[in-house]
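Peer 1: Sequence first, then the predicted structure, then my questions.
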Amino acid sequence: MTDYNALAELLLPNIDKTPEYYENLYPARNLPEGARVVRVAPSPTGYLHLGTLFAGLVNRITATSSGGVFFTRIEDTDKKREIEGGIENIIDGFARFGITVDEGFYSGRQEKGDYGPYQQSHRAEIYQTYVKDLIKKGYAYPCFCTAEELEAVREIQEAQKIRTGYHGKWAKHRNITVEEAKALIDEGKPFVIRLKSPGSEENKVVFEDGIKGKIEMPENDEDFVLLKSDGIPTYHFAHAIDDHLMHTTHVMRGDEWISSVPKHIQLFKLLGFKVPKFAHISPIMKLDNGAKRKISKRKDPEAAVHFFAEQGFPSENVIEYLMTIAASDFEDWRRANPTASYKDFKFNLKKMSVSGALFDEVKLLDVSKNRICLLSSQQVYDYVTEWAKEFDPEFYEILVKNPEYTKAVFAIDRDVPKPRKDIAKWNEVKDYFSYMFDDLYVPCFELPENIQKADALAFLESYKAVYSADDDKQEWFNKIKAIAPTLGFAAETKEYKANPDAYKGSAGDLSTVLRLAITGRRNTPDLCSIMQVLGQDEVINRIDTILRG
RNA sequence: GGCCCGUUGGUCAAGAGGCCUAAGACACCGCCCUUUCACGGCGGUAACACGAGUUCGAAUCUCGUACGGGUCACCA
């Protein structure tokens, strides 16, 4: 009969606290009925990933909707994969997207809250305390197998076509004695601590997933690793301890975790913890050569959230798009509440898609357009200059040269009851308004086929003589209409349509000529406004340039 | 391969046995409005993966097949 207490002392001699100590240190939260305590637990292995942002958003909105708590926890138990600045990348990324944090890391490396530390590498002693307790109870034991030994076992299992893994009779050190363990330790052999799983493949474990519904799986019988040889826990163990001590009520994470739920449930029960509710979020997918696959950090630029910043998507518009994926009833709500903050939306997990949604940039563009058209010219000015300062310094200089002028440009078709929906992201602005800035304007006078160059030039000549920058819209167009008949064009579109053979075209065609002369484009916002902003001199100047050929 | 999960138009999706002759949004096309460019309005193309079963009745329940996804580490 193994002396488990002796084994525990042998393995973790420096641990003198007990689970009770921590239970008392982190008492239950005082929250109203129905409040959900949720978290996002990223590992600092790279930049902020779209999937992580998505998970963060879903958790944040769940906490907000229920009057609960949202916290961040850094899962840095794998030192090999950790990168410099990894924590800041993710935490500051959340902040940039307006995902506020109630507890845990909230900016750079700053953390707050009563249930910390919120970084797993700083919680080693806590995990070890619980592991020691498990060993004493005979639920955990040391394993001295090397990677090579484990690999050899796996090969045998594969050759025999049986389930691979460290379980049942394959669990070599399951019944190791204190003496055997001591001898191996004295030899300097490294070891891990494994769970002595009481489970059986024959039994079923059933749980209700908040998103996917009822799921039934075989019980875990794998003696998986709790503590790695460096004394740091694996994800599974840290998850159980932390979410218990931090009193998480709902574990909402990527659905790649579904298959390990039996392990987690087993751990919670063995440790005497209340099992939290689980909700597994489907990944955002991407179409690759006709095949759907999870969006990948390595292959897809849009997987890195930085991609959106570079393109000039306002971060809240990316969130807006993510909300449409997260909740199937969000768009309806948005139509009814066009100016409300998405945070006021009542989020319901049941409305989340069970299968993974394809990332749709075209839809993102549309969502973003619909939000940007609601902004004032001042807001657009602030956004665009902020973006350009970082990503297009040359354009930035042009924009700030004369702020009032630039704002007047953005006000065209914007500060009106029915604003134009044209800009979806800030990197489109430069090209879209290039003709409004001397430094960017390139004259171009390619007429449509139905207009003769001689007529166009004759029109410009006449128009130049009567044009005034003070004209209001009606006056402005009346002048075009007045010239039309003198050149054989119809003043009214209807007249032309009724009798197309009698005219060369309509006043509308002449507007196109003018637009071309002034902007070099066939498509622009309201021409009259453009000419007013440009000013009399510049307009005459541009017409002259065309007339001179 | 084992174990899970999924499959409604090109995309996101509504849908919980009769209300489905299957909603809405994006994209696309057409028409209307219009001084241009847009906005907007109206309309259109387009889907229940397949096969059995249960039922008076199935997109909805069951089983099977196919396809897609996830997972099987001292990574999270």
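Peer 2: Looks like it came in fine. Residues are numbered from 1 along each chain as shown, chains lettered A, B, ... in the order given.
Peer 1: okay, CA-based contacts and neighbour counts for the rest of this
Peer 2: OK.
Peer 1: Near RNA strand B, which residues of the stretch 201-350 of chain A are found?
Peer 2: Within the stretch 201-350 of chain A, the positions adjacent to RNA strand B are A:212-218, A:224-225, A:227-230, A:233-236, A:255-260, A:291-294, A:324-325, A:328-329, A:332 by CA under 7 Å from any atom of the strand.
Peer 1: one more time with 6 Å
Peer 2: Neighbours of RNA strand B within the stretch 201-350 of chain A, by CA under 6 Å from any atom of the strand: A:212, A:215-218, A:225, A:228-229, A:234-235, A:255-259, A:291-294, A:324-325, A:328.
Peer 1: Using neighbour counts, trim these to the buried set.
Peer 2: Listed as buried from those are A:212, A:217, A:225, A:228-229, A:234-235, A:255, A:258, A:293-294, A:324-325; burial here means 16 or more other CA atoms under 10 Å.
Peer 1: Take those and keep only those in strands.
Peer 2: In this view, these that belong to strands under DSSP state E are A:Met217, A:Val225, A:Arg293, A:Lys294.
Peer 1: For the residue lying closest to the last one once chain neighbours are set aside, which residues are in contact?
Peer 2: Right, the one you point to is A:Lys294. Distance criterion CA to CA, 6 or more residues apart in numbering; nearest residue to A:Lys294, sequence neighbours excluded, is A:Met285 at 4.3 Å. Contacts here follow CA atoms under 8 Å, 6 or more residues apart in numbering; on that basis A:Met285 touches A:Lys292, A:Arg293, A:Lys294, A:Ile295, A:Gly356, A:Ala357, A:Leu358, A:Phe359.
Peer 1: and the gap between A:Met285 and A:Tyr321?
Peer 2: Separation of A:Met285 from A:Tyr321 (CA to CA, to the nearest Å): 14 Å.
Peer 1: got the CA coordinates for stretch A:399-413 in PDB?
Peer 2: Output of stretch A:399-413 as PDB, limited to C-alpha atoms (Å, rounded to 0.1, in the frame of the first residue of the first chain):
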ATOM      1  CA  LEU A 399      -4.900  66.600 -44.800                       C
ATOM      2  CA  VAL A 400      -3.600  68.900 -42.000                       C
ATOM      3  CA  LYS A 401      -2.300  71.600 -44.200                       C
ATOM      4  CA  ASN A 402      -5.600  73.300 -44.100                       C
ATOM      5  CA  PRO A 403      -7.900  71.500 -41.600                       C
ATOM      6  CA  GLU A 404     -10.900  73.700 -42.300                       C
ATOM      7  CA  TYR A 405     -10.700  73.000 -46.000                       C
ATOM      8  CA  THR A 406     -10.300  69.300 -45.400                       C
ATOM      9  CA  LYS A 407     -13.300  69.200 -43.200                       C
ATOM     10  CA  ALA A 408     -15.300  71.100 -45.800                       C
ATOM     11  CA  VAL A 409     -14.300  68.400 -48.300                       C
ATOM     12  CA  PHE A 410     -15.600  65.700 -45.900                       C
ATOM     13  CA  ALA A 411     -18.800  67.600 -45.300                       C
ATOM     14  CA  ILE A 412     -19.800  67.200 -48.900                       C
ATOM     15  CA  ASP A 413     -22.900  65.000 -49.000                       C
END
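Peer 1: returning to that earlier point: pick the one among the contacts of A:Met285 closest to A:His167.
Peer 2: Among those, A:Lys294 lies closest to A:His167 (CA to CA), at 30.9 Å.
Peer 1: Please look at A:Leu358 and A:Lys286 and confirm they touch.
Peer 2: Yes: shown here, A:Leu358 and A:Lys286 form a contact pair, counting by CA atoms under 8 Å, at 5.1 Å.
Peer 1: who has more neighbours, the two?
Peer 2: A:Lys286 (21 against 16; other CA atoms under 10 Å).
Peer 1: That one: what's it in contact with?
Peer 2: Shown in contact with A:Lys286 (CA under 8 Å, 6+ apart): A:Lys292, A:Arg293, A:Lys294, A:Ile295, A:Leu358, A:Phe359.
Peer 1: residue contacts, the second one?
Peer 2: Same thing as A:Arg293. Residues near A:Arg293 by CA under 8 Å, 6+ apart: A:Met285, A:Lys286, A:Leu287.
Peer 1: cool, and the last one?
Peer 2: Contacts for A:Phe359 (CA under 8 Å, 6+ apart) come out as A:Ile284, A:Met285, A:Lys286.
Peer 1: How about the fourth one?
Peer 2: Taking CA under 8 Å, 6+ apart as the criterion, A:Ile295 is in contact with A:Pro283, A:Ile284, A:Met285, A:Lys286, A:Ala303.
Peer 1: Do you know the pLDDT at it?
Peer 2: Predicted confidence (pLDDT) for A:Ile295: 80.
Peer 1: roughly how far is stretch A:105-119 from the heart of the chain?
Peer 2: Distance of stretch A:105-119 from its chain centroid, counting by CA atoms, centre = their mean, to the nearest Å, is 21 Å.
Peer 1: Likewise for stretch A:205-212?
Peer 2: Distance of stretch A:205-212 from its chain centroid, counting by CA atoms, centre = their mean, is 25 Å.
Peer 1: Stretch A:426-435 now?
Peer 2: Distance, stretch centre to chain centre, for stretch A:426-435: 25 Å (CA atoms, centre = their mean).
Peer 1: do it and RNA strand B meet at all?
Peer 2: No: for stretch A:426-435, no contact with RNA strand B is found by CA under 6 Å from any atom of the strand; the gap never falls below 10.5 Å.
Peer 1: Mutual contacts of A:Leu358 and A:Lys286, please.
Peer 2: The contact lists of A:Leu358 and A:Lys286 share A:Lys292, where a contact means CA under 8 Å, 6+ apart.
Peer 1: Point out the ones among the contacts of A:Phe359 that are inside strands.
Peer 2: Short answer: the contacts of A:Phe359 in strands (DSSP E) are A:Met285, A:Lys286.
Peer 1: which two in the buried ones among the residues of the stretch 201-350 of chain A next to RNA strand B are spaced the farthest apart?
Peer 2: A:Ser229 and A:Thr324 (44.2 Å).
Peer 1: one step back: how about the contacts of A:Phe359 in JSON lines, adding pLDDT?
Peer 2: Output for the contacts of A:Phe359, formatted as JSON lines (pLDDT from 0 to 100):
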{"residue": "A:Ile284", "pLDDT": "90"}
{"residue": "A:Met285", "pLDDT": "86"}
{"residue": "A:Lys286", "pLDDT": "81"}
